[in-house]
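Participant: Compute the structure for the input listed below.
(2 chains)
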Amino acid sequence: EDQVTQSPEALRLQEGESSSLNCSYTVSGLRGLFWYRQDPGKGPEFLFTLYSAGEEKEKERLKATLTKKESFLHITAPKPEDSATYLCAVREETSGSRLTFGEGTQLTVNP
Amino acid sequence: DSGVTQTPKHLITATGQRVTLRCSPRSGDLSVYWYQQSLDQGLQFLIQYYNGEERAKGNILERFSAQQFPDLHSELNLSSLELGDSALYFCASSVGGAGGPEDTQYFGPGTRLTVL
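Facilitator: Below you'll find the predicted structure:
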């Protein structure tokens, strides 16, 4: 069974204090790893898809990387508006297009 | 705005009742997915439809059912509601349905269901 574990559960940063969120996964064959951002009471917002180990993608202050066992979401010089829950999801080779989500990391950036 | 719409935004009902949640996918998307998000369980995949046909099933209870209509909108029917069914229900859509690179799922704003 696919497993996705995110850490930490919650992270509190000061504005400008860079950090990383972790997503560890166990799948028989990875077909894609997805990062989403979710604001309270809203739907998840797509950020990145990574397909193979060594791949990196960037968007503004966010950079996602992928290894064979985990993915990191690096946040550089965060701002209060980056506060949200960040969700990681995996798509396994034999599961079509369904996604298995982790529990998320709740990020708070204080001014 | 993802382009996926869901109605209603909020729904309050009593135990034992039946409700219908509606989702319209992004223009051009053929797949619709339903997810449940509760405080203690995170986002759980329920079911996927592709161009009107059921494509994949997840942890969907027998009391729950869904369908996708010819105009590609989808409805999730929840019956014999229990207190534990209170959750956020999200719909997502994607272009394809087989897990290819084009199958990025875009989520709607959700329906908050409260069962009293």
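Participant: so the residue positioned nearest the centre of chain B bridges to which residues?
Facilitator: In chain B, the centroid-proximal residue (CA atoms, centre = their mean) is B:Trp34; its distance is 2.8 Å. Partner residues in beta bridges with B:Trp34, using DSSP bridges, are B:Ile47, B:Cys91.
Participant: Go ahead and confirm A:Ser97 touches B:Gln48.
Facilitator: Yes: look at A:Ser97 against B:Gln48 with CB atoms under 8 Å: they come within range, at 7.0 Å. All C-beta atoms are positioned from the backbone trio N, CA, C, and that covers glycine.
Participant: what sits in contact with each of these two?
Facilitator: A shared contact of A:Ser97 and B:Gln48, defined by CB atoms under 8 Å, 6 or more residues apart in numbering or on different chains, is any residue touching both; here these are B:31, B:33, B:55-56, B:97.
Participant: which of the residues you listed come close to chain A?
Facilitator: Intersecting the shared contacts of A:Ser97 and B:Gln48 with the contacts of chain A gives B:31, B:33, B:55-56, B:97 (criterion: CB under 8 Å from any CB of the partner chain).
Participant: Select only the buried ones of those residues in ChimeraX?
Facilitator: ChimeraX command restricting those to the buried ones, with burial defined by 16 or more other CB atoms under 10 Å in any protein chain shown:
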select /B:31,33,55,56,97
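Participant: looking at chain B, which residue ends up farthest from its center?
Facilitator: The outermost residue of chain B, judged by C-alpha distance from the chain's mean C-alpha position using CA atoms, centre = their mean, is B:Pro101 at 21.9 Å.
Participant: ok, now which ones touch the residue lying closest to B:Arg55 once chain neighbours are set aside?
Facilitator: Closest residue to B:Arg55 apart from its sequence neighbours, by CB to CB, 6 or more residues apart in numbering or on different chains: B:Gln48 at 4.5 Å. Taking CB under 8 Å, 6+ apart as the criterion, B:Gln48 is in contact with A:96-98, B:31-34, B:54-57, B:97.
Participant: do the same with B:Ala66
Facilitator: Residues counted as contacts of B:Ala66 (CB under 8 Å, 6+ apart) are B:34, B:46-47, B:49, B:54, B:60, B:74-77.
Participant: Helix or strand: which one has residue 12?
Facilitator: Reading this off chain A. strand A:10-14 (DSSP states H and E).
Participant: look at chain B instead
Facilitator: Using DSSP H and E, B:Ile12 sits within strand B:10-13.
Participant: Buried residues, the helix or strand just after that strand. List them.
Facilitator: The helix or strand immediately downstream of strand B:10-13 is strand B:19-24, counting by DSSP H and E. Taking 16+ other CB under 10 Å as the basis for neighbour counts, the residues of strand B:19-24 that come out buried are B:19, B:21-24.
Participant: Which single one of these is nearest to chain A?
Facilitator: Minimum distance to chain A across the buried residues of strand B:19-24 is 10.9 Å, recorded for B:Cys23 (CB to the nearest CB).
Participant: which residues does that closest one bridge with?
Facilitator: Under DSSP bridges, the beta-bridge partners of B:Cys23 are B:Gln6, B:Ser74.
Participant: mind listing what residue 33 touches?
Facilitator: The chain I'm using is chain A. Residues touching A:Leu33, when contacts are defined by CB under 8 Å, 6+ apart, comprise A:23, A:25, A:49-51, A:66, A:71, A:88-91.
Participant: I was thinking of chain B, sorry if that wasn't clear
Facilitator: A:97-99, B:45-48, B:91-94, B:105.
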